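**Q** I'd like to go over a predicted model; first the sequence, then the structure.
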Amino acid sequence: MAHKTITRIGTVAAAGGAVALALLAGAGSASANQFYGGTLTPGQQVCVQQYAGYQVRVDGSATGQGAKFKLQLNGATIVGSPGLVTSFAAELRSSYGNFPGPGYYVACATNNGTANTNVRLQLRTDGEI
């Protein structure tokens, strides 16, 4: 089931905590890849979250000026785009030696540009990759 959340940058921390609690309450051992597709206005951010036990992959794309993407674990950014980009991907696996450890991973796209941008963001973990 897809999860769609849009928050303003100023309210990301509060909204992110509520989203995390809601997802934790409904999380089980099986995960479903998390996806967002839609339009972000300037200043808007969208995030998806999912548990990973041994590997995680994020893919993102944005139109026009692009968007800033990041992947976080426990509130710390593990990998992110250097600025506005039109495509982004990151893959962390135990077998590659670059997986930071199990936990709830959050992938975000932020429109830091001056025009609307269409964003697609997908987070997959463990057996989904």
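**A** All right, it came through fine.
**Q** quick one: S87 and Q34, what's the gap?
**A** Using Cβ to Cβ, to the nearest Å, S87 is found at 18 Å from Q34. No exception for glycine: its C-beta is placed from N, CA and C like everyone else's.
**Q** quick check: S95 touching Q55?
**A** Yes - the pair S95 and Q55 qualifies as a contact (Cβ atoms under 8 Å) at a distance of 7.5 Å.
**Q** hmm, V46 and A107 touching each other?
**A** No - under the criterion of Cβ under 8 Å, A107 is not in contact with V46, lying 9.2 Å apart.
**Q** check contacts around G127.
**A** With contacts taken as Cβ atoms under 8 Å, 6 or more residues apart in numbering, G127 has no neighbouring residues.
**Q** that one in helix, strand or coil?
**A** Classification of G127 into helix, strand or coil gives helix, according to DSSP: H, G, I helix; E, B strand; the rest coil.
**Q** gap between it and Q45?
**A** Taking Cβ to Cβ as the measure, G127 falls 28 Å from Q45.
**Q** just S81 next, same as before
**A** Taken as Cβ to Cβ, the spacing of S81 relative to Q45 amounts to 13 Å.
**Q** neighbour-wise, which of the two wins?
**A** Neighbour tally, S81 and Q45, criterion other Cβ atoms under 10 Å: the higher count belongs to Q45, 24 against 19.
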